[in-house]
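1. Generate a structure from the sequence data that follows.
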Amino acid sequence: MANAKYSVIVPVFNRPEEIDELLESLTLQTYKDFEILIIEDGSTLSCKPQVENYKTRLNVTYFFKENSGQGFSRNFGFEKASGEWLIVFDSDCIIPSDYFQLVNEFLATNDLDAYGGPDKAASDFTLIQKAISYSMTSFFTTGGIRGGKKHLGAFHPRSFNMGIKREVFKKTGGYILPKKGEDIELSIRIIENGFKTGLIPEAFVYHKRRTNFKQFFKQLHFFGTARINVFRFYKRELKLVHFFPSAFLLGLLAVFILYLIIPVFGMIGLMVYGTYALVLLIDAIARTKSLAVGFLAVIASFVQLIAYGMGLLKEGMIYLLRG
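-> Residues are numbered from 1 along each chain as shown. Presented below is the predicted three-dimensional model:
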């Protein structure tokens, strides 16, 4: 088979079921000129049997390597790939059937060196997954800039759904961090090297993320620490908006302390947070058309802000103490 135009690189760690769902979605693509490289990052639970099941329907290759983190595993895939475009998906993504058709049409008329796309919740996702999807994309939690048409400064593609030209990989060397903000750091260097980045709004993926609030908390705590990890390399990339979750967390703690010391002031604070929760509830119900998802979205939003805020504060304190 001739070299594919697009090479899909997917690192995976102990998640064979996710790979099965991802590959199944790729069999339905209306545009077929792509190859797939599954990079098993030192897993103890192999997805090789799942990959083998798709060998007759997809141009897919399986690789196993020692664990090094998703960033370096993507670099491994980049080296093995043949395509002129290197596409990165997370293993917990499901790809709509017209994804590559839309990407190919967009890139034919738009001169980009790297692109990113948004993520959404599929109709068959669980209520919690839909609530988490709302929380991660809502204006009232992230400013609506994650995968939205508006964003701060140059667009920074994220590794759950992004593509870069082969020349971008050759010039930048790919990821220099194994994890903790590795995609943000790479996007910054892509832009610094003079490459043009952009968002393809229609090229979304269904992103399953975590399936319960405990997993979601751990993931967002990790994201908070990752922001400080990026700050170690690029001081300007820590913006005021990134402190909102920490301010939210500290404010919530202050409200409970005030309630114990000066109940009337504590009640005022609780009313402020209650009003915020009500706004989230109304907006989530309006967006998802589900009362159940709306209530779960309030919980997801509070979990997201608290976890991210804790992660950023914890890693920030470590950074300050170590100088």
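2. use CA for all of it now, contacts and neighbours both
-> OK.
3. Please identify which helix or strand holds Leu37.
-> Following DSSP states H and E, one finds Leu37 within strand 34-41.
4. doesn't Gly163 make contact with Trp85?
-> Yes. Here Trp85 reaches Gly163: they are 6.4 Å apart, a contact under Cα atoms under 8 Å.
5. still on that earlier bit, and for the strand holding Leu37, what's in contact with it?
-> Defining contact as Cα atoms under 8 Å, 6 or more residues apart in numbering, one finds that strand 34-41 is touched by 4-13, 46-47, 51, 58-70, 73-74, 76-77, 81, 83.
6. 7 Å - rerun?
-> For strand 34-41, the surrounding residues in contact (Cα atoms under 7 Å, 6 or more residues apart in numbering) are 4-13, 59-69, 73, 77.
7. Tell me the buried residues within these.
-> Neighbour-count burial (16 or more other Cα atoms under 10 Å) is assigned, among those, to 4, 6-13, 59-62, 64, 69, 73, 77.
8. Give me the subset of those lying in helices.
-> Counted as lying in helices by DSSP state H, out of those, are 73, 77.
9. Now do the buried residues in the helix ranked longest in the chain.
-> Ordering each helix of the chain by length in residues (DSSP H) puts helix 291-322 first. For helix 291-322, burial by neighbour count (16+ other Cα under 10 Å) applies to 293-313, 315-316.
10. now for that helix, which elements pack on it?
-> Contact partners of helix 291-322 among helices and strands, from 3 or more Cα pairs under 7 Å, 6 or more residues apart in numbering; DSSP states H and E: helix 127-137, helix 213-231, helix 244-261, helix 263-288.
11. Just name the most buried of these.
-> helix 127-137 (a mean of 25; mean count of other Cα atoms under 10 Å).
12. What's the first helix or strand after that helix?
-> helix 139-142.
13. tell me the mean pLDDT over stretch 43-58?
-> In this model, stretch 43-58 carries a mean pLDDT of 97.
14. quick one: Leu58 and Ser25 touch, right?
-> No. Leu58 is beyond contact range of Ser25, at 10.8 Å (criterion: Cα atoms under 7 Å).
15. In the helix or strand of the chain with the lowest mean pLDDT, which residues are buried?
-> None of the helices or strands of the chain scores lower by mean pLDDT, DSSP states H and E than helix 139-142, at a mean of 89. Buried residues in helix 139-142, counted by 16+ other Cα under 10 Å: 140-142.
16. ok now it, how far from the chain's centre?
-> In terms of Cα atoms, centre = their mean, to the nearest Å, the centre of helix 139-142 is found 15 Å from the chain centre.
17. which helices and strands does that helix pack with?
-> So helix 139-142, by 3+ Cα pairs under 7 Å, 6+ apart, packs with no helix or strand.
18. From the rest of the structure, what touches it?
-> 135-136, 280, 301.
19. Nearest to Asp90, out of the residues you listed: which one, please.
-> Met136 (15.7 Å; Cα to Cα).
20. Just list the residues touching the closest one, thanks.
-> Thr142.
21. pLDDT weak spots in the protein?
-> Across the chain, the ranges flagged by pLDDT under 70 are 1-4, 144-153, 323.
22. Domain boundaries for it, per the record?
-> 6-117+157-209, 231-322 (automatic domain parsing).
23. Off-centre distance for the last one?
-> Spelled out, it's domain 231-322. Between the centre of domain 231-322 and the centre of its chain there are 20 Å (Cα atoms, centre = their mean).
24. And that domain, end to end?
-> 14 Å (Cα to Cα, to the nearest Å).
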